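Peer 1: can't give you the sequence, but here's the structure:
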């Protein structure tokens with residue numbers, strides 16, 4: 001079975017708990033049935049169309065043969081789009097984003113015959129935070145997550161007991177001045193307490209019972225930006241998982 005191309009600029013609707021939720025869906029041309037599904041979550045104050053444009057994930061979907069879904073967060077009291085991960089200033093928010101994505105994933109795999117065993121999540125900042133929530137609460141649905149500048153809120157970390165831990169790929173800048181590398185357990189920034197990146201990686205490599213570790217410095221393609229990239233990989237884990245930073 002093959003699919004015809006879908007207009008990736010069209011916004012689809014999905015009713016969840018009486019709320020009309022929206023998402024973009026990009027299906028590469030002639031994609032076979034049973035192909036993977038990747039959710040891409042925007043950052044706080046951003047949008048589905050924005051991350052679809054700057055992430056170039058549609059191009060990657062074409063190259064790697066998967067479906068890319070870009071859900072749209074609801075609007076908070078400040079008029080900003082968000083994913084409900086329990087930020088301090090969202091204490092009055094009740095939107096069930098977790099339930100929305102789980103229902104949407106079930107609907108998409110059934111309606112379009114995508115793979116039920118190869119569903120993944122990535123996202124930027126708030127979207128990365130939400131990916132960690134999915135990893136903790138729905139490891140039976142998602143195979144792996146790849147947060148970019150994401151973190152684990154302390155309440156998510158404290159309650160996280162995945163029955164089947166999954167692979168993690170975190171991309172994070174040590175100079176990030178919004179989602180701090182060193183975390184913010186004291187909540188000095190007002191988002192709510194959240195962990196430092198090394199502790200998050202340590203949590204997941206422990207959960208995955210990883211036995212081996214390798215560190216490498218990647219090739220520095222831009223000598224003028226003052227940065228370099230270190231790759232840390234934990235492997236020989238259960239279920240052949242890996243944890244990468």
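Peer 2: Good, I have the coordinates. Computed from a predicted model, the values in this text were never measured in an experiment. Residues are numbered from 1 along each chain as shown.
Peer 1: now do the helices in this structure.
Peer 2: Listed in chain order, the helices found in the chain under DSSP state H are 48-55, 57-64, 97-112, 126-137, 154-159, 197-207.
Peer 1: let me have the ones you listed in a markdown table, extended by mean neighbour count and distance to residue 88.
Peer 2: Placement of C-beta: from N, CA and C, glycine included. Listed next are the helices of the chain as a markdown table, based on neighbours: other CB atoms under 10 Å; distance: least, CB to CB, whole Å:
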| stretch | mean neighbour count | distance to residue 88 |
| --- | --- | --- |
| helix 48-55 | 17 | 24 |
| helix 57-64 | 15 | 30 |
| helix 97-112 | 17 | 17 |
| helix 126-137 | 26 | 13 |
| helix 154-159 | 15 | 11 |
| helix 197-207 | 19 | 19 |
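Peer 1: now mean pLDDT and distance to residue 191 too, for those helices, in a markdown table please.
Peer 2: Output for the helices of the chain, formatted as a markdown table (pLDDT from 0 to 100; distance: least, CB to CB, whole Å):
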| stretch | mean pLDDT | distance to residue 191 |
| --- | --- | --- |
| helix 48-55 | 98 | 20 |
| helix 57-64 | 97 | 26 |
| helix 97-112 | 97 | 17 |
| helix 126-137 | 98 | 9 |
| helix 154-159 | 98 | 11 |
| helix 197-207 | 98 | 15 |
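Peer 1: okay if I get the ones you listed as JSON lines plus distance to residue 182?
Peer 2: Shown next, in JSON lines, are the helices of the chain (distance: least, CB to CB, whole Å):
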{"stretch": "helix 48-55", "distance to residue 182": "26"}
{"stretch": "helix 57-64", "distance to residue 182": "29"}
{"stretch": "helix 97-112", "distance to residue 182": "27"}
{"stretch": "helix 126-137", "distance to residue 182": "16"}
{"stretch": "helix 154-159", "distance to residue 182": "14"}
{"stretch": "helix 197-207", "distance to residue 182": "8"}
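Peer 1: which one of these lies closest to residue 179?
Peer 2: Residue 179 lies closest, by CB to CB, to one member of the helices of the chain: helix 126-137, at 7.6 Å.
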